[in-house]
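Asks: pasting the sequence and the predicted model now:
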Amino acid sequence: MPEEPAVALPRPTRRRVLSMGLQLGGGAVVAASLTACGIRLEDDAPRLPGLPTRQPVAGEAWLLTLRQHCTDLAGQARALGGSSRSVPARLATLHTRQAAVLETELLRLGVPRTVLDAPVATATPGASTSATTTTAPTAPSTGPSSASGAAGLAALAAAEATDLGPAAITALGTVVPETMPLAGAVLAQRAAAATLLGEAATWPEPTWSEPSLAASYLESTRAATYAFEVVAAQSPKGAQRTLALATLATLKARAGQQEALAGAAATPPALGYPLPFTVTTPAAARTLAVRVLTDLRAAVARELASTGGEVGPLGAVVQWLADTEVLASRWGVALEPFPGLT
């Protein structure tokens, strides 16, 4: 007799397995079998005694709210209308991109589509901003859709700043390490947008337990400061010189802060730093300014992964990244949805 060909048995669906388990009264056995097979349980699956439920990823609620705020802010900025080159128009595009990328990241982390599509519960505006609070960001106030002009810009500035503050930095420190740079860059972009629209951001005190960490940030700041001394020297008059001196003052203040935080871990500054090209004209000075700030923005963004989630260093790096984005924007560098990462 010829041997009977092997027949692949149809694989039972997950809900069929659960149904069989209920009929047999073996919920605990089914749960163990599903876990052993590596089946991921959906949030809307039937609940059985002993059946494991999906555990949210670290910082999930805060990331979901941050993503929702991207969508809200995009709509609010778009409603202001105006030129396609205006700050609100550029912010509408940036926030739309942020929402899409954060959605992709949440899916990568294993957050089910049903969770992403569900309404997001947000904290009450004006919630505590203590450095130890881990509440989700408060929802931006969209205000009347007809708001325009100065009032509309002020409302957008206030909305941009709602995701900022010590509580936001604390929440940022709870997300999985590989997602921290992405989410930190979003907060830096929020702070830069708020600043450009006239709203000040609130930050935690920039202190931490490892002074050597502050020292590691110092050299890139010193190199940028030296470059802007050259930019200022080669910008003898007019608006460019005014901007060069203002940028130089900001960088000097940052270097001083980092030196104070580093303490004995800070090394003496070098007498000079190499420039990417010779600068002898105002045009070359402007080109150098753009190059230095773009490079500095990327250097600061890379440090978002170096803090270990400690609130003091993390808040300081996000603030420095936001400030660098503002400086770069004033020199004509385009705003980015994830400053320094894109």
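Replies: Happy to help now that I have it. Numbering: from 1, shown residues only.
Asks: check what pLDDT Thr170 gets.
Replies: For Thr170, the model assigns a pLDDT of 92.
Asks: same question, Pro56
Replies: Turning to Pro56, the model gives it a pLDDT of 87.
Asks: how about it, nearest residue that isn't a chain neighbour?
Replies: Excluding its sequence neighbours, the residue lying closest to Pro56 (C-beta to C-beta, 6 or more residues apart in numbering) is Val111, at 7.8 Å. No exception for glycine: its C-beta is placed from N, CA and C like everyone else's.
Asks: the one you found belongs to a strand?
Replies: No. Using DSSP: H, G, I helix; E, B strand; the rest coil, the secondary structure at Val111 is coil, not a strand.
Asks: Val230 versus that one, what's the distance?
Replies: 48 Å (C-beta to C-beta, to the nearest Å).
Asks: these two: which is more packed in?
Replies: Using other C-beta atoms under 10 Å as the criterion, Val111 and Val230 rank with Val230 on top: 22 against 19.
Asks: buried residues in stretch 309-327?
Replies: For stretch 309-327, the neighbour count (16 or more other C-beta atoms under 10 Å) marks 309-327 as buried.
Asks: wait, stretch 70-85
Replies: By 16+ other C-beta under 10 Å, the buried positions in stretch 70-85 come out as 70-74, 76-80.
Asks: JSON lines please, covering those residues and showing distance to Arg54.
Replies: Output for the buried residues of stretch 70-85, formatted as JSON lines (distance: C-beta to C-beta, whole Å):
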{"residue": "Cys70", "distance to Arg54": "24"}
{"residue": "Thr71", "distance to Arg54": "24"}
{"residue": "Asp72", "distance to Arg54": "26"}
{"residue": "Leu73", "distance to Arg54": "29"}
{"residue": "Ala74", "distance to Arg54": "29"}
{"residue": "Gln76", "distance to Arg54": "33"}
{"residue": "Ala77", "distance to Arg54": "34"}
{"residue": "Arg78", "distance to Arg54": "35"}
{"residue": "Ala79", "distance to Arg54": "36"}
{"residue": "Leu80", "distance to Arg54": "39"}
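Asks: narrow those residues to those in strands?
Replies: Using DSSP state E, the subset of the buried residues of stretch 70-85 located in strands is empty.
Asks: ok, those vs Ser235, which is closest?
Replies: Proximity of these to Ser235 (C-beta to C-beta) peaks at Ala77, which lies at 32.8 Å.
Asks: quick one: residues contacting that closest one.
Replies: If you count contacts by C-beta atoms under 8 Å, 6 or more residues apart in numbering, Ala77 has them with 88-89, 91-92, 95, 156.
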